[in-house]
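**Student:** how would this look folded up:
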Amino acid sequence: MIQRSFEKALNKGEYGEQIVREYLESKGYVVYFPFTKDRAHAFDMLATLGKEKVIGLDVKSKARMNKWRKTGINQKSYNEYISFSNKANIPFYLVFVDEHPAEMSVYAGEIKAIGEPELLETCNSTRLCLWSLDRFIRLFALTNDMREKLIENSQRSYEYA
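**Tutor:** Sure, this is the predicted structure:
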């Protein structure tokens, strides 16, 4: 069994957030991050456009599934994002920074627009919410350097198919 490293996961996540932040800023958004890092937070970033549009985002730096052209998050997080979006009354986006060789891209979907997820229970009783990649909008392709940096911090226990 692979030994998980919190530091590697943190590095990969922060790098994915940097990639998304730079993309949003290039589109004219102003991006805000939580200052508090030692506790759970409702989102990875908020972004505003023209002081009028506000969106919430959570960035997942992870490759899609190997056997199916799908991606997902755990059900607990999904429920929290839906709740936050409803209470704050702002659109909430899931953004995936995906180093899988078949994708090598960054894609996003507004959580209420991507539709109901398919539920999958894992062997350790975690419930996952899954969606086809077709439900997401491709924002841009990763460069080879970006992909390599993500792979350096990957903790998959198997090769990409």
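**Student:** Tell me which residues touch the residue nearest to Asn11 when sequence neighbours are not counted, please.
**Tutor:** Nearest in space to Asn11, with sequence neighbours left out and distances taken as Cβ to Cβ, 6 or more residues apart in numbering, is Asn153 at 4.8 Å. For every residue, glycine as well, the C-beta is placed using N, CA and C. By Cβ atoms under 8 Å, 6 or more residues apart in numbering, the contact set of Asn153 is Lys8, Ala9, Asn11, Lys12, Tyr15.
**Student:** Any chance of the residues you listed in CSV with distance to Leu49 as columns?
**Tutor:** Formatted as CSV, the contacts of Asn153 follow (distance: Cβ to Cβ, whole Å):
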residue, distance to Leu49
Lys8, 33
Ala9, 30
Asn11, 29
Lys12, 27
Tyr15, 24
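**Student:** What about Pro34, how many residues nearby?
**Tutor:** A count of nearby residues for Pro34, using other Cβ atoms under 10 Å, gives 13.
**Student:** Could I get the pLDDT score of it?
**Tutor:** Here, the pLDDT recorded for Pro34 equals 91.
**Student:** Identify the residues contacting the longest strand belonging to the chain?
**Tutor:** Ranked by residue count under DSSP state E, the longest strand found in the chain is strand 53-61. Strand 53-61 is contacted by residues 12-13, 15-17, 20, 42-49, 71, 73, 77, 81, 84-85, 88, 90-97, 108, 150 when judged by Cβ under 8 Å, 6+ apart.
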